[in-house]
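Colleague: Predicted model follows, preceded by the sequence.
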Amino acid sequence: AIHEYFMGSSIRTRDPDEADFFFVPGYGICMFEGGWMKPPELDQFYSELIPQLPHFSRTRGRDHIFTFASGMGINLFRRWQEFIPLSIVL
């Protein structure tokens, strides 16, 4: 729901220089429950993804909002505190 809200919201901008925050939805739980990836693979996936985010390094992620669905979602990215310690995690 929050992802859909931001996609159609009037507060959304396509200009990264105008953005106050960057929204990064996490659907790891869907990939796990769907049988596409196991927890170690998801941890590796996120660990490789974060350094590739084009605007992450500007503020070391302080302006990035990550969502991890369900109570188990964040646990699929075991090293999150190493990679996104300054980011907002929902």
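Modeller: Noted; the coordinates are in hand. Numbers count the residues shown, from 1 in each chain.
Colleague: List phi and psi for the closest residue to residue 65 other than its chain neighbours.
Modeller: Residue nearest to residue 65 in three dimensions, not counting chain neighbours: residue 88, with 4.5 Å by CB to CB, 6 or more residues apart in numbering. No exception for glycine: its C-beta is placed from N, CA and C like everyone else's. For residue 88, the backbone dihedrals are phi -90, psi 130 (criterion: degrees, to the nearest 10).
Colleague: Looking at residue 88 now. What's its pLDDT?
Modeller: Note on residue 88: pLDDT of 96.
Colleague: contacting residues for it?
Modeller: Counting by CB atoms under 8 Å, 6 or more residues apart in numbering, residue 88 makes contact with 21, 64-66.
Colleague: rerun that using 10 Å as the cut-off
Modeller: 21, 23-24, 61-67 (CB atoms under 10 Å, 6 or more residues apart in numbering).
Colleague: quick check, nearest of these to residue 84?
Modeller: Taking CB to CB as the measure, residue 61 is the one of those closest to residue 84, at 5.2 Å.
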